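J.: from the sequence below, what's the structure:
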Amino acid sequence: MSHGGMRPYPDVTTAGVPSWPGWRGRPGEWSTVVCLLGAAEGGRGGVLLIEGAEGMGKTRLLRRAADLAEHAGLGVIQGEADELGQLTPLAPLTSALGESAGTLLADRSGRPEIVDLRSLLIDAVRVRLEDRLGAGPLLVTLDDLQWADPTTCLALRSLIPDLVSYPLVWMLARTGRDSARDRLFDTLERDGATRITLEELDEGAVAEIAADVLGAGAAPGVLAVASAARGNPFRLVELLQEIDSEGLVKIVDGWARLDIARLPQVRAIARRRLEHLSSPAQRLLQVAAVLGRAFPVDDLAEMLGELPSRLLPQLKEASAAGIIVSAGDTLVFRHELLRRAVAETLDTPVRLALHRQAGEMLLNRGGSAVPAATHLMHSARSDSPATLIALDRAADEVLRSAPQTAADLAVRALELTAPTAPGRHARMAAAVEALTSAGRLGEAAELARSALGHAPPGEAGRLHGALAAMLLLSGRPTEAVKEATCVLAGPDLTGEARGVVELAWFEGLIAMYDFGAGRRRAEEIVAAPGEHCDASVVGALMLLMCVAWSEGRIADGLAHIRRAVRIAGHGPVGAPHRTPPRLLLAGCLTAVRELEEAETLIQAVEDEVEAFGHTTHAARPSLTRARVRLAAGALDDAAAEAEAGLAIADEFGGCNYYMLWGLTALIVVALRHGDMELAARYARRHQAERKDFDVMWGAWSVALVGEAEGDLEQAGETLGYGYGDPGVRCWVLATEPILAAWMTRIALADGRRTRAERVVETAELLAVNNREFPVLAAAAAHARGLLGRDAASLAEAEAGFADPWAAASAAEDLGVLVAETDDDRQAAVEILDRALDGYRRIGARRDAARVRARLRALGVRRRHWSTTQRPATGWAALTATEQKVALLVAQGLTNRQVATRMFISPHTIKFHLSKIFAKLHIASRTELAHLVAERSVLAREN
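T.: Numbers count the residues shown, from 1 in each chain. Down below sits the predicted model:
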């Protein structure tokens, strides 16, 4: 398959190994590069991870790969990280694209209501890459990722899987190891990336390189000298060229032999090259080494106090010595090893002083404080207020786009601030905020607690509030409530700050299912809303909604939460009380099966989260939508939304009961599909994530797994909370009405009829007191029919459920009852057939198998597959949603464009695409487009 206008792609043989002598002995690595580029030309993507010590040739490999890709007609984007650029968010990617964070978000970066720019920046890079891919296959090379900033690592973890279906090849290279980059490379390798490590050259490769460099076979003496390079290609070539230039090699009888056995190293070579230069040239290179591998001549001149024109002789001298070369509008050291070797000729105090000078120079120019902070991070002194202020400015500047970097800067500024300095408390507060934004909640909590002992009057409350919020985010509501209670009891907090803490307090109580502890305060606030800020009122109404539902007052609860949504909607977009009530309302509407309104609410929240960078809430829309899709009987869509939500939560952090909702949906889907192993795995994760959230948050799904594994006792114990406390039971049956029948069935099977009677009694009360919600009447009828073996009630339930799975379940129970109590076998078969058809339509394979077994017991055999049941592979295997996604992608739409049309998230589209490709046995959008086109041709012919 050939892309239009593309030159023939060379194979390994015709491409050859790159001409640099150091690439001798690397044919396997080069073959991998060629194969990946060939795959891109054929419409597929790929990822190559390259590791190796400095000088092992990774940079030359990337450059040669780029040359080869350009020769074949691929687009090429090349970027690299830099030690002194680690504080600049997305620097390797933005420089490769010829952009900056500012140009990527030119219309948004100055808007204060955007609280986190990371997702917006990543999305902007995704759009730029998709635009480039519109012109054909693309190679992206990123070098020296050991220096990559945290936002770049986050972006690569997101972009690479998001764009996997495009003809896009990523080649990522790094030197050394560290936890952040290890996680990136390990994750990508686990997802299918090819990983190669550039090992030391063997003796044969060393001999070949020596022969290439010296023009003759290497005699034993030369090889002994070469062994000092320890198999490092760069060091080896430098070493051989050095001994050759020094006249230490003579060609005798076709062999390169040594006159003198001297074993110089790269550092020694660099020092000797410096010694051969004039003093002004040596000084110039030492200052340049402090500025970084790449440096503008203007910066160098200012550091040296000279005009650029006065530096021309020294620059020419350094270039002639092979130490620096020109690269666009900057000069660069020919290799990082050379720069480092030059820098190490400076004594540490001198090097730190030069870094301070560079930082102050950049600060004096105005503009961004980040470049200056790069130099000041490790050279600033506590007796220099200006440099500490620069670190403060830089931390604030990158907080929304690179919170990890902001946290490092803020913590460093705090470390340099004397314990009695007047600005110390403000820096502690800034560090707590930055650490929280970065998801480093443990560090943030520890720092906040230590700050409480030294907080000035009036400030302790704010720290308690920040601590409560971060504990809630990290899934520790009990501790969050404790902190919030402490500050709310005192006089330190007023106004909006108090409202934020009260909101966290109410949310924590909800997570703990301790509605009673907050009821009185909530009623006081709601009775006099004008005396409290909006956040307090919203939190109070959320808790009162939960109180109402635990008492069976569904309409009252909905009225409370709708009022909370209206109040929150009047506040600023970035307000912390804006999103929670809307998603809680969506969950309530899902429970009473008003799914269309729930979807509308979720979409509004998702649009706002995306537009304003609310990464704290980024996962919640998908996790909430998973419940909606499950209630609608769309099992695969529910799983897609839940997986997408959990993936987002993993990217941006946070743990709350929304994650438990997502895991609950995945457990239920796995069970209905009949995948017991997967269901058990999700159940274990649910138990691990629950931490100190109350057991009511989805624990019933864990009990489902126990029941499916035949452990009725375990299932009953897990559900003990629902059988015992009337308020809890009412809450459970209000939030998940279809559980009434299941809890009744489990209790009866376990010989605990009293438990079953309690469930039916509560379900009946809910139905009678909330007649405007038909799902509650159907749920009560189902439970009543099981308890009393009443066919009329079961028939009522089947007719009353809008949830297709629940209707099929009621039909199954009715069919079983008719088969056991009625002589009309045919009637039982017809009812069970309805149940089988209902299960099949939604893909509930385990339930369908159980009904087939019941039919066999009645002497009727039904095939495992019918026209209503999808096969495992091929176009017919795609769900309706997957077919729609496939058709839109085949038209050339990006994931975001498809998501916009279908009113779901791009993350969910990515999940659907992975399923589509697996079912169709393809791996690229190009193949999908061809397949769709072929189907269209066949359809016209038929």
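
J.: going forward, measure contacts and count neighbours with C-alpha atoms only.
T.: Noted.

J.: if I've got this straight, P491 is in a strand?
T.: No. With DSSP: H, G, I helix; E, B strand; the rest coil as the criterion, P491 is coil rather than part of a strand.

J.: can you get me a residue count around it?
T.: By other CA atoms under 10 Å, the residues close to P491 number 10.

J.: now do the one 5 residues further on
T.: A count of nearby residues for E496, using other CA under 10 Å, gives 14.

J.: ok, now A421?
T.: 9.

J.: ok, now how distant is it from L409?
T.: The gap separating A421 from L409 is 18 Å, by CA to CA, to the nearest Å.

J.: report the contact partners of the nearest residue to A294 once chain neighbours are set aside.
T.: Leaving aside its chain neighbours, A294 sits nearest to V332 (4.2 Å; criterion: CA to CA, 6 or more residues apart in numbering). Contact partners of V332, counting by CA atoms under 8 Å, 6 or more residues apart in numbering, are R293, A294, F295, I324, V325, S326.

J.: helix/strand/coil for the last one?
T.: Think S326. S326 carries the three-state label strand when classified by three-state DSSP.

J.: for it, which non-adjacent residue is closest in space?
T.: V332 (6.2 Å).

J.: return the alpha-carbon coordinates of the host helix or strand of that neighbour using PDB.
T.: Assigned by DSSP states H and E, V332 belongs to strand 330-333. Presented in PDB, the C-alpha positions along strand 330-333 are these (Å, rounded to 0.1, in the frame of the first residue of the first chain):
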ATOM      1  CA  THR A 330      22.000  29.200  18.200                       C
ATOM      2  CA  LEU A 331      25.300  27.500  18.700                       C
ATOM      3  CA  VAL A 332      25.400  24.000  20.300                       C
ATOM      4  CA  PHE A 333      28.000  21.800  21.800                       C
END
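
J.: in it, what's buried?
T.: By neighbour count on 16 or more other CA atoms under 10 Å, the buried set for strand 330-333 is L331, V332, F333.

J.: what is the second one paired to in the beta sheet?
T.: By that I understand V332. Using DSSP bridges, the beta-bridge partners of V332 come out as A294, V325.

J.: ok, now how distant is it from P296?
T.: 9 Å.

J.: so K250, which state does it fall into?
T.: At K250 the chain is in strand, as set by three-state DSSP.

J.: show me where the stretch 801-942 of the chain has its helices.
T.: Along the stretch 801-942 of the chain, counting by DSSP state H, counting those that start in this stretch, helices occupy 804-821, 825-842, 845-857, 880-890, 895-902, 906-920, 925-941.

J.: tell me which of those lies nearest to G475.
T.: helix 906-920 (23.4 Å; CA to CA).

J.: which parts of that closest one are buried?
T.: Buried residues in helix 906-920 (16+ other CA under 10 Å): 906-917, 919-920.

J.: residue contacts, the spatially closest residue to A638 that is not a sequence neighbour?
T.: Closest residue to A638 apart from its sequence neighbours, by CA to CA, 6+ apart: A626 at 4.3 Å. Residues in contact with A626 (CA under 8 Å, 6+ apart) are D637, A638, A639, A640, E641, A642, W661, G662, A665.

J.: just the pLDDT for W30.
T.: W30 is assigned 65 on the pLDDT scale.

J.: likewise for R190?
T.: At R190, pLDDT is 83.

J.: need phi/psi at it.
T.: As for R190, its main-chain torsions (degrees, to the nearest 10) stand at phi -60, psi -30.

J.: swap in the one 4 residues further on?
T.: For T194, the backbone dihedrals (degrees, to the nearest 10) come out as phi -90, psi 130.

J.: just checking, it touches L36?
T.: No. Here T194 does not reach L36: they are 9.6 Å apart, not a contact under CA atoms under 8 Å.

J.: more crowded one of the two?
T.: More crowded of T194 and L36, by other CA under 10 Å: L36, with 23 against 17.

J.: just the buried positions in whichever strand or helix holds the more buried one, please.
T.: In this assignment (DSSP H and E), L36 forms part of helix 27-41. The neighbour-count check on helix 27-41 (16+ other CA under 10 Å) flags E29, W30, S31, T32, V33, V34, L36, L37, G38, A39, A40, E41 as buried.

J.: output those as JSON lines; include the columns distance to A497.
T.: JSON lines is the format used below for the buried residues of helix 27-41 (distance: CA to CA, whole Å):
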{"residue": "E29", "distance to A497": "58"}
{"residue": "W30", "distance to A497": "59"}
{"residue": "S31", "distance to A497": "61"}
{"residue": "T32", "distance to A497": "57"}
{"residue": "V33", "distance to A497": "56"}
{"residue": "V34", "distance to A497": "59"}
{"residue": "L36", "distance to A497": "55"}
{"residue": "L37", "distance to A497": "55"}
{"residue": "G38", "distance to A497": "58"}
{"residue": "A39", "distance to A497": "56"}
{"residue": "A40", "distance to A497": "54"}
{"residue": "E41", "distance to A497": "57"}
